[in-house]
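sequence and predicted model, in that order:
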Amino acid sequence: MNKTWIRKISTPLFFAVRTILAHKLRTALALLGVVIGVFAVVVVISLGDGVKGFVLGQVESFGTDLIQIEVKVPNTSALSSANTTSRAQGTQITTLTIDDGEAIQKLPNIAALYSGTIGQERATYGSVGKRILLFGTGADALTVDANAKLTSGRFFTSEEDDELARVVVLGSETKETFFGESDALGELITLKGEKYRVIGVLAPRGSAAFFNLDAFTYVPVQTLQKKILGVDYIQFISVKMLDPKKELETVADIVGLLRKRHDIDNPNKDDFSVTSTKEAQATLSDVLGSLSILLLALTSISLIVGGVGIMNVMYVSVTERTNEIGLRKALGATSLSILKQFLFEALIITLLGGLIGILLGVVLTLGLGFLFRSLGFALPLTFSVKSFLLGAGFSAVVGIAFGLAPAYRASQLTPMEALRRD
């Protein structure tokens, strides 16, 4: 029984391999579409997984015990596009204030927080002048953001914030721009016509959430508001929780407090958003997962094109080998044996193309990963088992799906009809 089964498989497989080797150019042309398709699938999966891991890692690096409160344009309805439209038109929400932050500080489960706003201003020191990014924060910024470390000096105090002190803490890149290798502590830089004393320098951090953190210059938030920007509102509040397990209750407490303070009775009229790190990770994971699926679907089109090419090549092969099919049938070959032979041909071609595509995808993925690391960009690009399985799986499906019709046509030829054709 086993020998019979092996013979039923090995015979059509032998004829399939022999035919493929006898028509190398045709096989190569049929391979090309599958190679490109599988290559694209492997690269897209690797890039998608790498970007997803990088983005989620960046969010997680801020800590899992954080809550971010930001201003938001109120919606007129749950499905309104007013928020997006208003942002595009440059609408500025001015309802979030430092007093809101002080009220939130009194809620349970709040370890620390800081109110913040961001602005830009030209800074000068000697002959060096550059427009810099000013990051106005409260005195507890380094307590909330545990990844921010000082290499020298100190951070400003609550008293300095209340007194509108003209002091700054430089990011490592900003320090390098203005002072190079020299010591910046105690030096004065000019912002909007006034002198600001450098009291601290932060350690290099790189980029996070699409911001170059090393280019920030920290300023007391009230100093930035009143002396530089001329505003009385803030853009965000960053909160550190005592117990991250009470995240949902804490978010609900903050939302309830802000709605009460802002006289909001309709959630669609909220002029703020409250997002925990875990919630941000879940949302980003869903968005990036959906994007990966979309890109995978788009790249699969090239596999379908390759499959159509294989089907056309197989139809040509059936036409050219009509006499061979008739002779084999006259000598006792069954329709199933003929179908297996042509199906094996299509399957071998697609699997071979898939293997080549996978290897090329691995080479490019590892090469890009090495390039990014050498440039200091921590995008984790690695080849995964998922890439291999999907590449091989797509190849097999394409081979069977697009090889079945030509194989069936070949199997249905009768010996008399096949031998009668030229």
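Nice, thanks for sending it over. Numbering: from 1, shown residues only.

in the stretch 301-422 of the chain, which spans are strands?
Counting by DSSP state E, counting those that start in this stretch, the stretch 301-422 of the chain forms no strands at all.

any idea of the mean pLDDT in the helix or strand hosting Val44?
Here Val44 sits within helix 24-61, counting by DSSP states H and E. Averaged over helix 24-61, pLDDT sits at 75.

Ala215 versus Tyr233, what's the distance?
24 Å (C-beta to C-beta, to the nearest Å). The way it works is simple: take the backbone N, C-alpha and C, and place the C-beta from them, glycine included.

tell me what the helix holding Val44 is packed against?
Packing partners of helix 24-61 (3 or more C-beta pairs under 8 Å, 6 or more residues apart in numbering; DSSP states H and E): strand 207-208, helix 277-320, helix 335-374, helix 385-411.

let's have these in JSON lines, adding distance to Leu242, mean neighbour count and mean pLDDT.
Formatted as JSON lines, these follow (distance: least, C-beta to C-beta, whole Å; neighbours: other C-beta atoms under 10 Å; pLDDT from 0 to 100):
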{"stretch": "strand 207-208", "distance to Leu242": "24", "mean neighbour count": "15", "mean pLDDT": "66"}
{"stretch": "helix 277-320", "distance to Leu242": "15", "mean neighbour count": "16", "mean pLDDT": "77"}
{"stretch": "helix 335-374", "distance to Leu242": "38", "mean neighbour count": "20", "mean pLDDT": "81"}
{"stretch": "helix 385-411", "distance to Leu242": "39", "mean neighbour count": "19", "mean pLDDT": "81"}
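
I figured Phe178 was touching Val168, is that so?
No - assessed by C-beta atoms under 8 Å, Phe178 is found out of contact with Val168, at 10.6 Å.

quick check: neighbours shared by those two?
Ile189 (C-beta atoms under 8 Å, 6 or more residues apart in numbering).

comparing the two, which residue is more hemmed in?
Val168 (27 against 21; other C-beta atoms under 10 Å).

distance from the lengthiest strand in the chain to the middle of the chain?
Counting by DSSP state E, the longest strand found in the chain is strand 110-125. Here the centre of strand 110-125 is set off from its chain's centre by 28 Å, with C-alpha atoms, centre = their mean, to the nearest Å.

that strand: what's the following helix or strand?
Beyond strand 110-125 toward the C-terminal end (DSSP H and E), the next one is strand 128-137.

tell me which other helices or strands that next one touches.
Using 3+ C-beta pairs under 8 Å, 6+ apart as the test, strand 128-137 ends up in contact with strand 110-125, helix 172-179, strand 216-220, helix 221-223.

can you list the strands that the helix or strand that the shortest one is followed by pairs with?
Translated: helix 221-223. Using DSSP H and E, the helix or strand that follows helix 221-223 towards the C-terminus is strand 236-241. Strand pairing for strand 236-241, determined by DSSP bridges: strand 66-71 (antiparallel), strand 110-125 (antiparallel).

mind listing what's buried in the longest one?
So that's strand 110-125. Of the residues in strand 110-125, Ile110, Ala112, Leu113, Tyr114, Ser115, Gly116, Thr117, Ile118, Gly119, Glu121, Ala123, Tyr125 count as buried by neighbour count, 16 or more other C-beta atoms under 10 Å.

farthest pair within those residues?
Spatial extent of the buried residues of strand 110-125 (C-beta to C-beta) is set by the pair Ile110 and Tyr125 at 38.2 Å.

ok, back up a step: wait, which of the helices and strands packed on helix 24-61 is closest to Leu133?
Nearest to Leu133, of all these, is strand 207-208, at 12.7 Å by C-beta to C-beta.

relative to Thr97, how far out is Lys269?
Distance, Lys269 to Thr97, using C-beta to C-beta: 18 Å.

more neighbours, these two?
Between Lys269 and Thr97, counted using other C-beta under 10 Å, the more crowded position is Thr97 (17 against 13).

confidence score at the closest residue to the more buried one other than its chain neighbours?
In space, and not counting its chain neighbours, Thr97 is closest to Tyr233: 5.7 Å by C-beta to C-beta, 6 or more residues apart in numbering. Per-residue pLDDT puts Tyr233 at 94.

still on that earlier bit, now the helices and strands packed on helix 24-61 in a markdown table, with distance to Val41?
Formatted as a markdown table, the helices and strands packed on helix 24-61 follow (distance: least, C-beta to C-beta, whole Å):
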| stretch | distance to Val41 |
| --- | --- |
| strand 207-208 | 29 |
| helix 277-320 | 5 |
| helix 335-374 | 8 |
| helix 385-411 | 6 |
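
please name whichever of the ones you listed is nearest to Val201.
In terms of C-beta to C-beta, the element of those nearest to Val201 is strand 207-208, at 18.4 Å.
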